[in-house]
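Novice: model the following, please.
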Amino acid sequence: MKKLFAVFTLLTFIVACIVKIYRDTHSFKLETITYDSPKLPKRTSLSILQISDLHNRVFGTDNEQLVNAVKKANADMIVLTGDLIDRKTTTFDHVFSLIEQLTAINKRVFFVPGNHEWGNARTSEFLHGLHERHVTILSNQNVQMTKGDVTVNIAGVDDPATEHDNLSDAFSQINDDDYTILLAHAPDIVHLYDTIPADLILSGHTHGGQIRFPFIGALVAPGQGFFPRLDKGTYQLGPDQYLYIDSGLGTTRMPVRFLNQSQLSLMTIAARHEKE
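Specialist: Down below sits the predicted model:
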């Protein structure tokens, strides 16, 4: 009986792990985070929906599940922090269809390339396709966005792993008095520069480790090796300065996630005056 119980327990554990892997890999959640800042006018706020590391994955017919989640989030802007495609992606039909649906929902869609975009043999064609579909591409550039009384800077720095980054160009002539968001595919950017003049840095790249274990967290992340220090979630870099790493929607190398469900993130930046 003890042997039978042990076998049953082991089989139950294996089945539970398989179910968890399937759920984490093939369905996604919406992560919600709130920050505050004295730079926003009193009684104002701004919402940002971050989509990262899709790797050409499709959720439902023509990404219907993902598009419905974007509609429901109803954010003021959408930011795409790289690796929408994989370096081996040969057709962009799925991603371009998704982009067309996103820009139909929200005209404020911003993109910074990741290492897989730069590693793809058809990088120029892909970036041109995003531009044609009215996505604002921030390759070492910045723009201003205004919503009511709120004006924010949105900067983008290219991927440092592929040596396309230029932080000085990304922040050229920026107004530091306004709240500033930096889109940087890889969180490693915070180790490469002594100062980054952004209030909030939004990254992806790590996939949250893709596979995680209790009490350990991520086993490995690109650019950081084993047991990465920056894997997912919020990290405070200084007074009123934060790094947020989204663990993304897709997979790479191994097509599985474990204890790390696919996700997109909805951030709200609120005026600090409301909490004083």
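Novice: for residue 182, give the beta-bridge partners.
Specialist: residue 155, residue 201 (DSSP bridges).
Novice: what count of nearby residues applies to it?
Specialist: By other CB atoms under 10 Å, 26 other residues sit near residue 182. For every residue, glycine as well, the C-beta is placed using N, CA and C.
Novice: look up how far residue 171 lies from it.
Specialist: According to CB to CB, to the nearest Å, residue 182 and residue 171 sit 8 Å apart.
Novice: what residues are shared contacts of these two?
Specialist: Any residue near both residue 182 and residue 171 by CB atoms under 8 Å, 6 or more residues apart in numbering counts here, and that gives 155, 198.
Novice: show me the contacts for the spatially most central residue of the chain.
Specialist: Nearest to the mean C-alpha position of the chain, counting by CA atoms, centre = their mean, stands residue 52 at 3.4 Å. Going by CB under 8 Å, 6+ apart, residue 52 touches 80, 81, 82, 83, 185, 203, 204, 205, 246, 248, 249, 264.
Novice: count of neighbours near the closest residue to residue 161 other than its chain neighbours?
Specialist: The shortest distance from residue 161 to any non-neighbouring residue, by CB to CB, 6 or more residues apart in numbering, is to residue 115 (5.0 Å). Residue 115 sits with 21 neighbouring residues when counted by other CB under 10 Å.
Novice: coming back round to it: can you list the contacts of residue 52 in a markdown table and add pLDDT, secondary structure and distance to residue 36?
Specialist: Output for the contacts of residue 52, formatted as a markdown table (pLDDT from 0 to 100; DSSP: H, G, I helix; E, B strand; the rest coil; distance: CB to CB, whole Å):
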| residue | pLDDT | secondary structure | distance to residue 36 |
| --- | --- | --- | --- |
| 80 | 98 | strand | 25 |
| 81 | 98 | coil | 22 |
| 82 | 96 | coil | 27 |
| 83 | 97 | coil | 29 |
| 185 | 97 | coil | 26 |
| 203 | 98 | strand | 20 |
| 204 | 97 | coil | 23 |
| 205 | 96 | coil | 26 |
| 246 | 98 | coil | 20 |
| 248 | 97 | coil | 26 |
| 249 | 98 | coil | 27 |
| 264 | 97 | strand | 22 |
